[in-house]
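> Fold the following for me, if possible:
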Amino acid sequence: MTTSYLQLAGGRIAYDVTGDGPLVVCLPGMGDVRSVYRFLVPALVAAGFRVATMDLRGHGESDVGFDSYDDVAAGRDALALVEHLGGPALLVGSSMGAGASVWAAAERPGAVRGLVLAGPFVRDPRPRRLVTLALRVALLRPWGPAVWRAYYRALHPGRRPADLADHLARIAAAQRRPGAWRAFAATTRTSHAPVQARIAEVAAPVLVVMGERDADWPDPAAEGRWVADALRGELLLVEDAGHYPLAEYPELVAPAVRDFARAATARA
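Residues are numbered from 1 along each chain as shown. All right, here's what the predicted structure looks like:
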């Protein structure tokens, strides 16, 4: 994997590109790195797509000096990368990256051929003050990075990928960079309200992928159906999967994403 950088106001976004064909751009979620797509990329490349994976601001190999780390900023970065790579593109977003993708599709419909939203945050969960306070305390240094890695591991309640420890090591290395933990902490304060406000503007075809045991939602199936209905899309519920169904059950999810990508790009 060769890292390239897109220079934007405030810093650089790290990305890599593999394959040849219609463009797919993949956005990770908060506290993650772009190798979360390590199982999906080969499947899409084999199906004839050119796939770019990017790191969010302050995450992975992207710079940490930006002045904002929210959904809108990530959506703008994705659109800039699509334009840089000669879009339009199908956007694949995980968690917060899904919200950013929805915002991007509403902001510039001509740049987005379709959306795949995995474990999507397109609206704020019901406020739980104690949970929010506990999260703030848990993510303080010096224990915060270890707490995050333990939480990330727990978000794979089904079949954990065999290389999960290596992936967690990449996340840890990225968060050890000067300024990276502060950027991550800023990202945790993201509100998804700007995304929810623009859902009705999205015209692109949508595939929602939701793990039936996603601990980020009291009722993951209901949340998945709400997102799919709001965006007039399809829903793939993945049995026994948590917040990262693309990594837990790639043999189920990758073919569905591949088939959706083929249909979306053929339609455009």
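
> got the contact list for the nearest residue to I199 once chain neighbours are set aside?
Leaving aside its chain neighbours, I199 sits nearest to A230 (5.1 Å; criterion: Cβ to Cβ, 6 or more residues apart in numbering). Where you see a C-beta, it was placed from the backbone N, CA and C, and this is true even at glycine. Contacts for A230 were tallied using Cβ atoms under 8 Å, 6 or more residues apart in numbering; they are 122, 199-200.

> Most neighbours of all those residues, which one?
Among those, the one with the most neighbours (other Cβ atoms under 10 Å) is V122, at 26 neighbours.

> I'd say it and I199 touch.
Yes: V122 is within contact range of I199, at 6.4 Å (criterion: Cβ atoms under 8 Å).

> Against A197, how distant is the residue nearest to I199?
From A230 over to A197 the distance is 12 Å, taken as Cβ to Cβ, to the nearest Å.

> what's the answer for G21, then?
G21 is 34 Å from A197, by Cβ to Cβ.

> ok, now L23?
27 Å.

> Looking at those two, which is more packed in?
L23 (21 against 12).

> now the more buried one: how far from A247?
22 Å.

> Likewise for P178?
28 Å.

> quick one: which of the two has more around it?
Under the criterion of other Cβ under 10 Å, the comparison of P178 against A247 puts A247 first, with 26 against 7.

> so where's the chain shaky on pLDDT?
127-141, 267-268 (pLDDT under 70).

> The longest strand anywhere in it pairs with which strands, parallel or anti?
Secondary structure of the chain read by DSSP state E shows that its longest strand is strand 11-19. Strand pairing for strand 11-19, determined by DSSP bridges: strand 4-8 (antiparallel), strand 50-54 (antiparallel).

> Can I get the last one in PDB? Just the C-alpha atoms.
Read it as strand 50-54. Only the C-alpha atoms of strand 50-54 are listed here, as PDB (Å, rounded to 0.1, in the frame of the first residue of the first chain):
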ATOM      1  CA  ARG A  50     -10.600   1.600  -8.700                       C
ATOM      2  CA  VAL A  51     -10.800   1.800  -4.900                       C
ATOM      3  CA  ALA A  52      -9.400   4.700  -2.800                       C
ATOM      4  CA  THR A  53      -9.300   4.400   1.000                       C
ATOM      5  CA  MET A  54      -8.700   7.600   3.000                       C
END
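
> And it, what's buried?
The neighbour-count check on strand 50-54 (16 or more other Cβ atoms under 10 Å) flags 50-54 as buried.

> Same question for stretch 195-208.
195-196, 198-199, 202, 204-208.
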